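Chemist: Curious how this folds, go ahead:
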Amino acid sequence: MLVVTIGAVTLRLQTEPGLFSPQWADAGTLAMLSLITFDPKDKVLDLGCGYGLVGILAAHHVSPAQVLMVDNDPTAVAIARRNADANGVPNVTVGLSDGLRGTRESGFTKIISNPPYHVDFSVPKHFIEKGFNRLVLGGTMWMVTKRRDWYRNKLGAIFGGCRVNEIGGYYVFEATKLRSTYARSRQ
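Modeler: Okay, here's the model as predicted:
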């Protein structure tokens, strides 16, 4: 079991070998969360939720009913569901979805993701392009990776720009949706 304290929230999280960062909270995820301020009115998507750290933390700051956590791994979804219940936010929605393909939910003010970045870019490309379409105007996509250039360029092409923060060897990207169409044609 992991015990993670972020601000005034302490979470107790079950994990399992085979899930991302099963022995400790990922440093990149913690770096990203150190920059995010939740508003009680937010609607949050934890995209690629793993065992649920991001979505469960969000649900302690916003209405749990306004948090959707998705992952393409059935084990991750089951553990995230148990962790949400055990951490006092049973009203979050946790679902099995390959990126955004398995949900029609939209109207998010924040989409938060630590995408798989040690593979080709098809997964983060899907997350960015389809995530843009699920955000409200003024909504923000947050991502963290160890790669800067591709993400900065892709987020810039879709959102028209992004803020990049470097923390402990990780790049935290913050891209706000300012228009209803992509800024430039797809890359």
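Chemist: Contact partners for Ser106?
Modeler: Asn133, Arg134, Leu135 (CB atoms under 8 Å, 6 or more residues apart in numbering). Just so you know, the C-beta spots here come from the backbone N, C-alpha and C atoms, and that holds for glycine as well.
Chemist: Buried by neighbour count, from these: which ones?
Modeler: Arg134, Leu135 (16 or more other CB atoms under 10 Å).
Chemist: Okay, and which of the contacts of Ser106 map to strands?
Modeler: Leu135 (DSSP state E).
Chemist: need the contacts of Ser106 in JSON lines with pLDDT and distance to Ala84, can you?
Modeler: Output for those, formatted as JSON lines (pLDDT from 0 to 100; distance: CB to CB, whole Å):
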{"residue": "Asn133", "pLDDT": "97", "distance to Ala84": "26"}
{"residue": "Arg134", "pLDDT": "98", "distance to Ala84": "21"}
{"residue": "Leu135", "pLDDT": "98", "distance to Ala84": "23"}
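Chemist: Any figure for the gap between Gly95 and Tyr117?
Modeler: 23 Å (CB to CB, to the nearest Å).
Chemist: now swap in Val9 and tell me
Modeler: 27 Å.
Chemist: Gly95 and Tyr117: who's more crowded?
Modeler: Tyr117 (18 against 15; other CB atoms under 10 Å).
Chemist: Not counting its neighbours along the chain, what's nearest the more buried one?
Modeler: Thr145 (4.3 Å; CB to CB, 6 or more residues apart in numbering).
Chemist: Glu166 is in contact with that neighbour, correct?
Modeler: No: the pair Thr145 / Glu166 is not scored as a contact, 11.2 Å apart, by CB atoms under 8 Å.
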